[in-house]
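Enquirer: Sequence and predicted structure, then a few things I'm wondering about:
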Amino acid sequence: MARLRDIIISTRPWSFPMTVISVTIGVALSLALDGIINPLLYLLTLVGSLSIHAAANIINDYFDTKFGVDRPGAPTTIYRPHPVITGMLSENALLKMSLVFMAVGLAIASYLSIVAGPYAFILGVIGIFIAVAYTSPPLSYKYRALGEVFVLLSWGPIMVVGSYYVQTSKLELIPTIVSIPFAILVAAVLLANNMRDADYDASVNVKTIAIMLGPTKSLTLFTSMIATPYILTAVFVVSGLLSYPVLLVFATAPLALKLVKSFKKEIPETADPQTAQLTTNFGIMYILGIIISTLL
């Protein structure tokens, strides 16, 4: 049981709600736009996506430790249990675990490509590539100030469009557009983390957007990334792309304002979990709005 606990902790399960929401947005859109929902395919898509997400988290810790980015005293060892630094798991165990999770994700993508269409496999492979390339050479795009960009792509178009495609066997533009508000907020979670850790990241030669922009401009970018999803949602409703119940997301606006105000005073140690809480709440309201629109 202790070993199982260590494995679960190493996957960072507290980050999984964002993946659940992205996949569910795609399925909600398949119901709203096409009147289609297959619970089994939804479950398989969810398990496959979570497996790739877990692999990404594990391989991130593996390479960060290997390259000396994660070491005793590093911010990541303070704010969460680090599987290697705490002695829970070895680097070799992390590598093997990441391969297992990737294999599960790839196996599910292969099956979904048979029942839904070939793009299910292609999107799964793209997801695995992004997960590995996050910290793995030669790209290691996390260290090249591209983390937020690929996070937006992953939790937006790739996951949402992928889950919509599995349900409908169609690639459509609307799910891609509708995925953007939530995806921006997921990227803001990473930006919040990088803003807090900017000084440390610079000391270990990791380049992030927060370091490149500096504190003032980073805060401006963060504020715009918190505000933009609300603006886009309103535009979608006014233009008829989404129905008015989706405006339920504005119930989370007070939390967004509180978050931005606190960041203007000082970047808190809990910068990323606070932003993740807003992101999760927004995503839940977004899904509820789409479902209510369908029922009405």
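Expert: Alright, I've got the coordinates. Numbers count the residues shown, from 1 in each chain.
Enquirer: The closest residue to Phe236 other than its chain neighbours: what secondary structure?
Expert: Nearest non-adjacent residue to Phe236, counting by Cβ to Cβ, 6 or more residues apart in numbering: Leu242, 4.3 Å away. Using the backbone N, CA and C atoms, a C-beta is placed for each residue, glycine as well. What DSSP: H, G, I helix; E, B strand; the rest coil gives for Leu242 is coil.
Enquirer: got the buried residues for the helix or strand hosting Phe236?
Expert: For Phe236, the element it lies in under DSSP states H and E is helix 209-239. By 16 or more other Cβ atoms under 10 Å, the buried positions in helix 209-239 come out as 209-211, 213, 218-219, 221-223, 225-226, 229-230, 232-234, 236-237.
Enquirer: in the stretch 151-296 of the chain, which spans are helices?
Expert: 159-168, 173-178, 180-196, 198-203, 209-239, 253-265, 271-295 (DSSP state H, counting those that start in this stretch).
Enquirer: again with the stretch 1-150 of the chain
Expert: 2-10, 16-34, 39-66, 75-79, 91-115, 119-133, 147-153.
Enquirer: who wins for proximity to Leu288 among these?
Expert: Nearest of the helices of the stretch 1-150 of the chain to Leu288, taken as Cβ to Cβ: helix 16-34 at 8.9 Å.
Enquirer: who does that closest one touch, helix- and strand-wise?
Expert: In terms of contacts (3 or more Cβ pairs under 8 Å, 6 or more residues apart in numbering; DSSP states H and E), helix 16-34 is packed against helix 39-66, helix 159-168, helix 173-178, helix 180-196, helix 271-295.
Enquirer: Deepest-packed of the ones you listed, please.
Expert: helix 159-168 (a mean of 27; mean count of other Cβ atoms under 10 Å).
Enquirer: quick revisit: put together CSV for the helices of the stretch 1-150 of the chain, with distance to Leu171 and mean pLDDT on each row.
Expert: Converted to CSV, these look like this (distance: least, Cβ to Cβ, whole Å; pLDDT from 0 to 100):
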stretch, distance to Leu171, mean pLDDT
helix 2-10, 34, 86
helix 16-34, 12, 97
helix 39-66, 15, 96
helix 75-79, 37, 87
helix 91-115, 13, 96
helix 119-133, 6, 95
helix 147-153, 15, 96
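Enquirer: how about those helices in JSON lines, adding distance to Pro175?
Expert: Shown next, in JSON lines, are the helices of the stretch 1-150 of the chain (distance: least, Cβ to Cβ, whole Å):
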{"stretch": "helix 2-10", "distance to Pro175": "31"}
{"stretch": "helix 16-34", "distance to Pro175": "5"}
{"stretch": "helix 39-66", "distance to Pro175": "13"}
{"stretch": "helix 75-79", "distance to Pro175": "33"}
{"stretch": "helix 91-115", "distance to Pro175": "16"}
{"stretch": "helix 119-133", "distance to Pro175": "12"}
{"stretch": "helix 147-153", "distance to Pro175": "14"}
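Enquirer: of all those, which lies closest to Leu255?
Expert: The nearest among these, by Cβ to Cβ, is helix 16-34 at 15.4 Å.
Enquirer: buried stuff in that closest one?
Expert: 16, 18-33.
Enquirer: Let's see stretch 135-152 as CSV, backbone CA atoms only.
Expert: Extracted C-alpha coordinates of stretch 135-152, given in CSV (Å, rounded to 0.1, in the frame of the first residue of the first chain):
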residue,chain,number,x,y,z
THR,A,135,11.8,18.3,-20.6
SER,A,136,13.4,15.6,-22.7
PRO,A,137,16.2,16.5,-25.1
PRO,A,138,16.6,17.6,-27.8
LEU,A,139,13.6,19.9,-27.5
SER,A,140,13.2,20.4,-23.7
TYR,A,141,10.7,23.2,-24.5
LYS,A,142,10.0,23.8,-20.8
TYR,A,143,13.5,25.2,-20.6
ARG,A,144,13.0,27.4,-23.7
ALA,A,145,10.0,29.5,-22.5
LEU,A,146,7.5,27.5,-24.5
GLY,A,147,5.8,25.7,-21.7
GLU,A,148,2.7,27.9,-21.6
VAL,A,149,2.2,27.6,-25.4
PHE,A,150,2.2,23.8,-25.4
VAL,A,151,0.1,23.6,-22.3
LEU,A,152,-2.5,25.8,-24.1
